[in-house]
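Visitor: coords below, sequence missing:
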């Protein structure tokens, strides 16, 4: 195999596919980047068999062929190569590849491409297209509630579903909070609800170019595909049952608070700071107390002292006293993207609903702490 | 040396007072909190002052209490509720000092440091407890823990008593020896045998005699009697780990037996975590083989716990991963990275069966003792000598 590629293109491709590779993979060939010189382009692949990333880059192909190069050192090397055209040559009977640039050359030992495996091809995809900026925002908003507890896999993913009305819905929950984000998508087909691994989704978010016009999402039996013009990310779906989340979303509320997000964020940051407990870790126990149009935010620590802050808010309904993990409150306020936030409550033992004041496409439920 | 100002706060008939506060029909009536008198087993946890007039006392068998006061109002222990009120009271303490050492739900020491206006502050705390919770407390003020505790007991309920250094001879010495914290019926009898009846007698006794008869404990008692007590008020934080280990009579590699032992250790550790109001973030397994080689392995948890089943499952996984199969002479579990369970995060989609189970078991054990209920699996384990550890 023989080809020449610009360093810029090569870097783009290698850094993208390297994200899917685990250097500690016990299958050694999977610690490498797969290269395939095709008729008119160079195909790169990386995978840990949970997520697989493919990238086509422009290259001048002289002779077709395939090989696998150890990813860790190769991607480091590519970063350090001079900004020029790089040429690759691999003889059929040799197991090394010669890389030439300017007046220099180096040789890399390779893995046998025959041994390489990748996520399988599936035809039966249900496709839809979405704007990458919106997609990225959706991922960001549901990521806060993805669980890291591998003993319950369904909670480590994001539920994709189409609840009707031409919209796409993402749901996540770590059992302490739940996020739900809808986005109108005219003409979208009804898809079977699937659970996409949260980690993979965050990788997808990092890789996709927000400048491209749209990204195509395909949902298959065991796989989801996220595709832009030259990058394709395949993700193995989580096999599990997502909980019946609809049951835990309260329909009514007895207290409504409207508060300026930035004010609340500042207060909470101070209150969290004062909640450090004797184990020197933050207990994050924050008390909220609503009395008329005053919201009191308070916390205390036996080591440090206490804080008591009052914010003016708009409110309706009953007065309330409730405690939360302050980190959870901050997480949601930072992704809600609205100047004012609505908090709907049903007493101190039921989940609180957080919504943007103007945007009804996103909601987050947070369960309180109980004494 | 800095002059210390230590106060001891003791709530008056705490559990009974809470029930009387919440149910006006019980005001002024004999209220007895504890086991169900119909079942005849178990003991009195707290008796209201009205019930005490009939001779009902804490720790008395419930059947006896019923005979003494058949028209009393017998109520079960509502631990959750009392814990909550206890926390409210603790919150008041923390407004005055970070040095708060809770002894039980109804009792705590506070170190007010070199504060000049200790008496004023102590009075304020007493008033604040009443105005914020509607409950009365007795407060003792002194310069060390022993005397502060003695003072709070001086004239309950609603007591307020100060013991100054110059008061020790006049006020403390005439008291009987068993007023000293740590003098139980057995020690009392021993002291009486030597003619030591009052705290004053004890203070004047020969240190050598006490030491020879009671060892180090004798010396400690003598110092207390002299009004000397250097024990510091330890803030809540003092406990860093709670653990239990057991050495086998014969080294064993019986996998099922080891698992069963892990279960009994987990139950012990879980019970003590809950009783002391802690959750743990880390679980450590300790193995020692016949050659006295010891290994310890940790596992951090995704979510802090004090549930026996979770501790057991984690320890079991550690055992399976780290045990070569050789005979063991010791097995231990220790929990660390403790945090107070004052607040519990509610969860969606979770099975609360394990939590409900331990709660039910705890309530039985708190009435009838730890051994009163057992998992079938642990019946094959004979009680062996185990070391409980609480490390600060």
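Guide: Everything's here; your move. Being a predicted model, the structure only gives us computed values, none of them experimental. Numbering: from 1, shown residues only, chains lettered A, B, ... in the order given.
Visitor: rest of the way, CA atoms for contacts and neighbours
Guide: OK.
Visitor: which residues touch residue A:272?
Guide: Residues in contact with residue A:272, defined by Cα atoms under 8 Å, 6 or more residues apart in numbering or on different chains, are A:282-286, A:299, A:326-327.
Visitor: any idea how far residue A:367 is from it?
Guide: Between residue A:272 and residue A:367 the computed distance is 17 Å (Cα to Cα, to the nearest Å).
Visitor: for residue A:340, same thing?
Guide: With Cα to Cα as the criterion, residue A:340 and residue A:367 are 21 Å apart.
Visitor: doesn't residue B:304 fall inside a strand?
Guide: Yes. With DSSP: H, G, I helix; E, B strand; the rest coil as the criterion, residue B:304 is part of a strand.
Visitor: What is the burial count for it?
Guide: Residue B:304 sits with 19 neighbouring residues when counted by other Cα atoms under 10 Å in any protein chain shown.
Visitor: next one: residue B:14
Guide: Residues contacting residue B:14 under the criterion other Cα under 10 Å number 22.
Visitor: so what pLDDT did it get?
Guide: The score at residue B:14 is 95. That number is its pLDDT.
Visitor: Verify the stated contact: it with residue B:58.
Guide: No. The pair residue B:14 / residue B:58 is not scored as a contact, 11.6 Å apart, by Cα atoms under 8 Å.
Visitor: what's the overlap in contacts for the two?
Guide: If you check residue B:14 and residue B:58 against Cα under 8 Å, 6+ apart, the residues they both contact are residue B:46.
Visitor: pLDDT averaged over stretch A:336-343 - what is it?
Guide: For stretch A:336-343, mean pLDDT rounds to 94.
Visitor: Name the residues of it that are buried.
Guide: A:336-338, A:340-343 (16 or more other Cα atoms under 10 Å in any protein chain shown).
Visitor: end to end, how far does it reach?
Guide: Start-to-end, stretch A:336-343 (Cα to Cα) is 12 Å.
Visitor: got a list of contacts for that stretch?
Guide: Contacts of stretch A:336-343 (Cα under 8 Å, 6+ apart): A:141, A:256-262, A:333, A:352-359, A:362.
Visitor: Which secondary structure element is home to residue 139?
Guide: You didn't pick a chain, so chain A it is. helix A:132-143 (DSSP states H and E).
Visitor: um, chain B though
Guide: Assigned by DSSP H and E, residue B:139 falls in strand B:137-142.
Visitor: contacting residues around that strand?
Guide: For strand B:137-142, using Cα under 8 Å, 6+ apart, the contacting residues are B:5-12, B:118-119, B:122, B:126, B:129-130, B:147-164.
Visitor: Also stretch A:175-189?
Guide: Residues contacting stretch A:175-189 (Cα under 8 Å, 6+ apart): A:126, A:128, A:130, A:138, A:141-142, A:144-145, A:147, A:155, A:162, A:165-173, A:328, A:361-367, B:345-350.
Visitor: so where's the stretch 151-300 of chain B uncertain?
Guide: B:236-239 (pLDDT under 70).
Visitor: quick one: the helices in it?
Guide: Taking DSSP state H, counting those that start in this stretch as the criterion, the stretch 151-300 of chain B contains helices spanning B:185-193, B:199-204, B:207-214, B:216-225, B:255-275.
Visitor: need the residues of the stretch 1-150 of chain A near chain B, please.
Guide: Proximity of the stretch 1-150 of chain A to chain B, by Cα under 8 Å from any Cα of the partner chain, involves residues A:148-149.
Visitor: Of all the residues in the stretch 1-150 of chain A, which one is nearest chain B?
Guide: residue A:149 (6.3 Å; Cα to the nearest Cα).
Visitor: My guess is that residue contacts residue A:198. True?
Guide: No. Using Cα under 8 Å, residue A:149 and residue A:198 do not qualify as a contacting pair, with a distance of 11.6 Å.
Visitor: what separates stretch A:3-22 from the chain centre, distance-wise?
Guide: 21 Å (Cα atoms, centre = their mean, to the nearest Å).
Visitor: Retrieve the pLDDT associated with the spatially most central residue of chain A.
Guide: The centre of chain A sits closest to residue A:202, judged by Cα atoms, centre = their mean, with a distance of 2.1 Å. Here the pLDDT value assigned to residue A:202 is 93.
Visitor: again, but for residue A:73
Guide: The predicted local confidence for residue A:73 is 93.
Visitor: hmm, the helix or strand of chain A with the lowest mean pLDDT in reach of chain B?
Guide: Between all helices and strands in chain A, the lowest mean by mean pLDDT, DSSP states H and E belongs to strand A:369-370, at a mean of 88. Yes. Residues of strand A:369-370 contacting chain B under Cα under 8 Å from any Cα: A:369-370.
Visitor: same for that strand, what does it pack against?
Guide: Packing partners of strand A:369-370 (3 or more Cα pairs under 8 Å, 6 or more residues apart in numbering or on different chains; DSSP states H and E): strand A:320-325, strand B:344-345.
Visitor: Mean neighbour count, these: which tops it?
Guide: Ranked by mean neighbour count, the helices and strands packed on strand A:369-370 are led by strand A:320-325 with a mean of 20 (mean count of other Cα atoms under 10 Å in any protein chain shown).
Visitor: For chain B, tell me whether the following helix or strand past it is touching it.
Guide: Using DSSP H and E, the helix or strand that follows strand A:320-325 towards the C-terminus is helix A:326-335. No. Residues of helix A:326-335 are not located near chain B by Cα under 8 Å from any Cα, the shortest gap being 11.2 Å.
Visitor: Tell me what angle helix A:326-335 forms with helix A:132-143.
Guide: 170 degrees (axes from the mean of the first three to the mean of the last three Cα atoms, to 10 degrees).
Visitor: strand partners of the helix or strand following helix A:326-335, parallel vs antiparallel please.
Guide: Sequence-wise, the next helix or strand downstream of helix A:326-335 (DSSP H and E) is strand A:340-345. Strand A:340-345 has its sheet partners listed here by DSSP bridges as strand A:255-260 (antiparallel), strand A:352-356 (antiparallel).
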